[in-house]
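Asks: sequence first, predicted coordinates after that:
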Amino acid sequence: MERRQLGKTGLEVSALGFGGAEIGYQAASLSTVERLLGSALDAGLNVLDTAECYAGGEELIGQAVAHRRDHFHLFTKCGHSSGFDAPDWDLTMLEQSIDRSLNRLQTDRVDLLQLHSCDESLLRQGDVIALLQKAQEAGKTRFIGYSGDGAAARYAVECGAFDTLQTSLSVADQEPITLTLPLALERGLGVIAKRPIANAVWTKSTLPEDDYSYPYWERLQRLDYDFLKTPEAASVALRFTLAQPAVATAIVGTQNPDRWARNAALLEAGPLPPDVIAAIRTRWQAIAGPDWTGRR
């Protein structure tokens, strides 16, 4: 598995990372997660990304691979009360939530602690950033980051407080390519791409409007990329995301132990040719509406 440097953190990360949302929300069994993460780590994956609000995701990761803590970089996110009797972003709750995450993950520190999609006004107040910096000074995290999109993500890069940006980026979500990635590259922030294949919504003939992925499905219906009609669609989509400047790793979630190998195989074709990247970008610029903003 190819390794890349995560910006100024200096962390060498695998091009593919594991996202813990699906195993948490779908209540995967511990034995499934042990097999899934064990085989992925053995094959070279070294990024595990989760969050306090992914149901039992943190606990499953802690139970499954805490004994291999030195084999991977551990990222989590914070901000949602998720069981605490306090509003989201309450500072006392946030501090308690960070400690709870460490306990769930069975570790004394994470490699990256990220604010989980708070809005720009909250970032500008500075309190939540200061709290992450306090956690960093206490040794609870090596680096701090912001996970989110749009104007808030832009401010997170501009303010100079963060080491990384995690943002939605795919053939169906290209706003960051002009909004945040150039500045992130200039400032040395490592970029983590979430939803890098847009939930593979092109594989569905229909999708209900209340489905979270529906905006991606609708966009791709209009974009009508030729490559989506080929067996290489997932490979092209993933390689497009990883070709964007500053992107170090793409987070893909699954609870299927066999899918990790298939995901890794998508990259075997090597870098996506520049003319293919240009064609995808040209089509986006011609079709995308002004409301096709990043998906939180």
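Replies: Sure thing, it's come through.
Asks: and after the helix-or-strand element of the chain with minimal mean pLDDT, which helix or strand comes next?
Replies: None of the helices or strands of the chain scores lower by mean pLDDT, DSSP states H and E than helix 259-265, at a mean of 86. Moving toward the C-terminus from helix 259-265, the next helix or strand (DSSP states H and E) is helix 274-287.
Asks: which residues does residue 167 contact?
Replies: Residue 167 is in contact with 147, 148, 149, 153, 176, 180, 191, 192, 193, 194, 294, counting by CB atoms under 8 Å, 6 or more residues apart in numbering. Bear in mind the C-beta positions are built from the backbone N, C-alpha and C, glycine included.
Asks: how about the residues you listed in JSON lines, adding pLDDT, neighbour count and distance to residue 284?
Replies: Converted to JSON lines, the contacts of residue 167 look like this (pLDDT from 0 to 100; neighbours: other CB atoms under 10 Å; distance: CB to CB, whole Å):
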{"residue": "147", "pLDDT": "98", "neighbour count": "29", "distance to residue 284": "23"}
{"residue": "148", "pLDDT": "97", "neighbour count": "29", "distance to residue 284": "21"}
{"residue": "149", "pLDDT": "97", "neighbour count": "23", "distance to residue 284": "16"}
{"residue": "153", "pLDDT": "97", "neighbour count": "28", "distance to residue 284": "18"}
{"residue": "176", "pLDDT": "97", "neighbour count": "27", "distance to residue 284": "12"}
{"residue": "180", "pLDDT": "98", "neighbour count": "27", "distance to residue 284": "16"}
{"residue": "191", "pLDDT": "98", "neighbour count": "25", "distance to residue 284": "18"}
{"residue": "192", "pLDDT": "98", "neighbour count": "29", "distance to residue 284": "21"}
{"residue": "193", "pLDDT": "98", "neighbour count": "27", "distance to residue 284": "16"}
{"residue": "194", "pLDDT": "96", "neighbour count": "25", "distance to residue 284": "18"}
{"residue": "294", "pLDDT": "84", "neighbour count": "21", "distance to residue 284": "13"}
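Asks: and these, which of them are in strands?
Replies: Assigned to strands by DSSP state E, the following of the contacts of residue 167 qualify: 147, 191, 192, 193, 194.
Asks: report the contact partners of the fourth one.
Replies: With CB under 8 Å, 6+ apart as the criterion, the residues that contact residue 193 are 166, 167, 168, 169, 170, 241, 242, 244, 247, 249, 250, 251.
Asks: same thing but at 10 Å, please
Replies: By CB atoms under 10 Å, 6 or more residues apart in numbering, the contact set of residue 193 is 17, 165-170, 173, 176, 181, 238, 241-242, 244, 246-252.
Asks: wait, residue 130 sits on residue 159?
Replies: No. The pair residue 130 and residue 159 does not pass the contact test of CB atoms under 10 Å, sitting 11.9 Å apart.
Asks: quick one: which of those two has more around it?
Replies: Applying other CB atoms under 10 Å to residue 130 and residue 159 shows that residue 159 carries more neighbours, namely 15 against 12.
Asks: find the nearest non-adjacent residue to the more buried one, please.
Replies: Sequence neighbours aside, residue 123 is the residue nearest to residue 159 in space, at 6.9 Å (criterion: CB to CB, 6 or more residues apart in numbering).
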